[in-house]
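S.K.: pasting the structure only:
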Ligand SMILES: CC(=O)SCCNC(=O)CCNC(=O)[C@H](O)C(C)(C)COP(=O)(O)OP(=O)(O)OC[C@H]1O[C@@H](n2cnc3c(N)ncnc32)[C@H](O)[C@@H]1OP(=O)(O)O
């Protein structure tokens, strides 16, 4: 456990200390929402899961919170503590406050029966040391207006509506399509509370950055049911050759190929625009398969959700595997020693959702040696153990065991979380 400076202590933060709590994050993240923004954006913090480090004088030096998520994993889901709002006052940095909060967060998550924690990292260098592994990538593409798409049968019969985004009207639609579109995709955390669902659709003027108010494109089938949406804004931009508006997408999802085709055909052909920025997409998003000229789309690939296994056997048995495997993993875990040691992972008979596994401690010789951070990276099936081994991050002790292990841990759908929490 990381000791706090003398006189400092970790405390739970109830709702009536909200002002103090958010003030620390305003100092840490260098922002201050105006009154109107605070009115419009719902309070999404889970006040039974907020905590802080208090100074001897009772003021707060550092804060964090966690969401209660069901994290989709290959073939199932697992209870997950979604770490968020981590902030340390600039004048309290590098004194071990985050390290102490992480110990507290791990202990509380384990007490609540959450075998896994996940987060989005503000900076790449922060969380690896605590055993989090970057478990997914997202792709953001910039696509020129008018980019052609391959045909998809049924797309033509779908209808498109274009409206100003209205939280009262669109929150439920967005949530329903989001849930349906991500079914079966590891990492696809859906927004568990009304406040979080509404928070995805709200549009305080301060967020517009010179663009229009948030709009929503929805795609409907013949019965009128929604099958896709894009939350987006255009930004009025005139140049010598004429209008060059960018289209900036907050989130675009579709439940099926025809709906994806209809959605993107519409978004890629808006008048006055020159380029569409896609927002975060999974690496295997249908858009990337639909583009006739993917070379014309400029991609940016970045780390997406990070995963930390807190209770190794519970986490590894919560997911399914793509192939049968019988494997001894030798795991190091400096922060949670209960995870360290040798674990035999043995798959059973395959079901429709993949191979289930049993995990037990063993004294047998290891096949693979790795840190819990790499196990977190491979956990959602999107980062190959073989690729991690090629970078020297996983060691194959028993020759011939790496590729079967990598095949078993891999998953056909690329993991991603479509929003930052
Ligand atoms: C899930 C989320 O909420 S992500 C948001 C994280 N928050 C932010 O980025 C806001 C701005 N930054 C901060 O509030 C703080 O600087 C934090 C939270 C990043 C770090 O808090 P600190 O209390 O300074 O961390 P702490 O002192 O425990 O540092 C532990 C180790 O991590 C290292 N470290 C901490 N932050 C960083 C960083 N941003 N980059 C590189 N190394 C870092 C420290 O140097 C230290 O290393 P050492 O053990 O080798 O000495």
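M.R.: Done, it's in. Keep in mind it's a predicted model, so treat the numbers as computed, not measured. Residues are numbered from 1 along each chain as shown.
S.K.: Give me the distance from stretch 182-199 to the chain's centre.
M.R.: 10 Å (C-alpha atoms, centre = their mean, to the nearest Å).
S.K.: Show me the helices in the stretch 1-150 of the chain, by range?
M.R.: Per DSSP state H, counting those that start in this stretch, the stretch 1-150 of the chain carries helices over the ranges 18-29, 35-40, 97-111.
S.K.: Now do the strands in the stretch 301-421 of the chain.
M.R.: Chain-ordered strands for the stretch 301-421 of the chain, with DSSP state E, counting those that start in this stretch as the definition, fall at 306-309, 326-332, 341-347, 357-361, 368-371, 394-396.
S.K.: Check the gap between the residue lying closest to residue 15 once chain neighbours are set aside and the ligand for me.
M.R.: Excluding the flanking residues, the one nearest residue 15 by C-beta to C-beta, 6 or more residues apart in numbering is residue 47, at 4.3 Å. From N, CA and C alone the C-beta is placed, and that goes for glycine too. As judged by C-beta to the nearest ligand atom, to the nearest Å, residue 47 and the ligand stand 17 Å apart.
S.K.: With residue 389 instead?
M.R.: Residue 389 sits at a distance of 26 Å from the ligand (criterion: C-beta to the nearest ligand atom).
S.K.: now swap in residue 32 and tell me
M.R.: Distance from residue 32 to the ligand, by C-beta to the nearest ligand atom: 14 Å.
S.K.: Check the burial of that residue by counting its neighbours.
M.R.: Using other C-beta atoms under 10 Å, residue 32 is surrounded by 11 other residues.
S.K.: so it sits right up against residue 26, yeah?
M.R.: Yes - between residue 32 and residue 26 there is a contact under C-beta atoms under 8 Å: 5.2 Å.
S.K.: Flag every residue of the chain that's near the ligand.
M.R.: Selection of the chain residues close to the ligand by C-beta under 6 Å from any ligand atom yields 28-29, 83-88, 93-99, 119, 121-123, 125-126, 129.
S.K.: Any of those residues buried? List them.
M.R.: Taking 16 or more other C-beta atoms under 10 Å as the criterion, what is buried in the residues of the chain next to the ligand is 28, 83-88, 95-99, 119, 121.
S.K.: helix/strand/coil for the residue in the stretch 151-300 of the chain positioned nearest to the ligand?
M.R.: Nearest residue of the stretch 151-300 of the chain to the ligand: residue 189, at 13.5 Å (C-beta to the nearest ligand atom). Secondary structure, DSSP: H, G, I helix; E, B strand; the rest coil: residue 189 is coil.
S.K.: ok, so what distance separates the residue nearest to residue 289 when sequence neighbours are not counted from the ligand?
M.R.: Distance criterion C-beta to C-beta, 6+ apart; nearest residue to residue 289, sequence neighbours excluded, is residue 150 at 7.7 Å. According to C-beta to the nearest ligand atom, residue 150 and the ligand sit 38 Å apart.
S.K.: Surely residue 222 and residue 154 touch.
M.R.: No - at 10.1 Å, residue 222 does not count as touching residue 154 under the criterion of C-beta under 8 Å.
S.K.: Which of the two has more residues huddled nearby?
M.R.: Neighbour count, other C-beta under 10 Å: between residue 222 and residue 154, residue 154 has more, with 13 against 8.
S.K.: Doesn't the more buried one belong to a strand?
M.R.: No - counting by three-state DSSP, residue 154 falls outside a strand, being coil.
S.K.: wait, what's in contact with it?
M.R.: Contacts for residue 154 (C-beta atoms under 8 Å, 6 or more residues apart in numbering) come out as residue 258.
S.K.: Could you do the one 5 residues further on as well?
M.R.: Applying C-beta under 8 Å, 6+ apart to residue 159 gives the contacts 219, 220.
S.K.: One more: residue 65?
M.R.: Residue 65 sits in contact with 45, 46, 49, 50, 51, 83, 84, 85, where contact means C-beta under 8 Å, 6+ apart.
S.K.: Residue 280 now?
M.R.: By C-beta under 8 Å, 6+ apart, the contact list for residue 280 reads 138, 139, 140, 251, 304, 416, 417, 418, 419, 420.
S.K.: does the residue of the stretch 201-350 of the chain found nearest the ligand have beta-bridge partners, and which?
M.R.: With C-beta to the nearest ligand atom as the measure, residue 306 is the residue of the stretch 201-350 of the chain nearest to the ligand, at 8.2 Å. For residue 306, the beta-bridge partners are residue 119, residue 134 (DSSP bridges).
S.K.: For it, report the pLDDT, please.
M.R.: For residue 306, the model assigns a pLDDT of 98.
S.K.: now swap in residue 235 and tell me
M.R.: We have a pLDDT of 98 for residue 235.
S.K.: again, but for residue 124
M.R.: Turning to residue 124, the model gives it a pLDDT of 97.
S.K.: The nearest residue to it once chain neighbours are set aside and residue 234, how far apart?
M.R.: Excluding its sequence neighbours, the residue lying closest to residue 124 (C-beta to C-beta, 6+ apart) is residue 303, at 6.6 Å. Applying C-beta to C-beta, to the nearest Å, the value for residue 303 to residue 234 is 28 Å.
S.K.: Could you check which of these two is surrounded by more residues?
M.R.: Just comparing residue 303 and residue 234: by other C-beta under 10 Å the higher neighbour count belongs to residue 234, 18 against 15.
S.K.: My guess is that one contacts residue 272. True?
M.R.: Yes - in this structure, residue 234 is within contact of residue 272 by C-beta under 8 Å, at 7.3 Å.
S.K.: what residues are shared contacts of these two?
M.R.: What both residue 234 and residue 272 touch, as defined by C-beta under 8 Å, 6+ apart, is the set residue 245.
S.K.: Just the strands from the stretch 1-150 of the chain, written as ranges.
M.R.: Ranges of strands within the stretch 1-150 of the chain are 9-12, 50-54, 60-73, 76-88, 116-119, 133-134, 137-144, based on DSSP E, counting those that start in this stretch.
S.K.: contacting residues around the shortest one?
M.R.: If I follow you right, that is strand 133-134. For strand 133-134, contacts defined as C-beta under 8 Å, 6+ apart pick out 121, 124, 128, 303-304, 306-308, 372-379, 383.
S.K.: before we move on, back to that, quick one: neighbours of the residue of the stretch 151-300 of the chain closest to the ligand, just the number.
M.R.: Residue 189 has 23 nearby residues by other C-beta under 10 Å.
S.K.: can you pull the contacts of it?
M.R.: Residue 189 makes contacts with 69, 70, 71, 72, 80, 82, 118, 305, 417, 419, 421, as judged by C-beta under 8 Å, 6+ apart.
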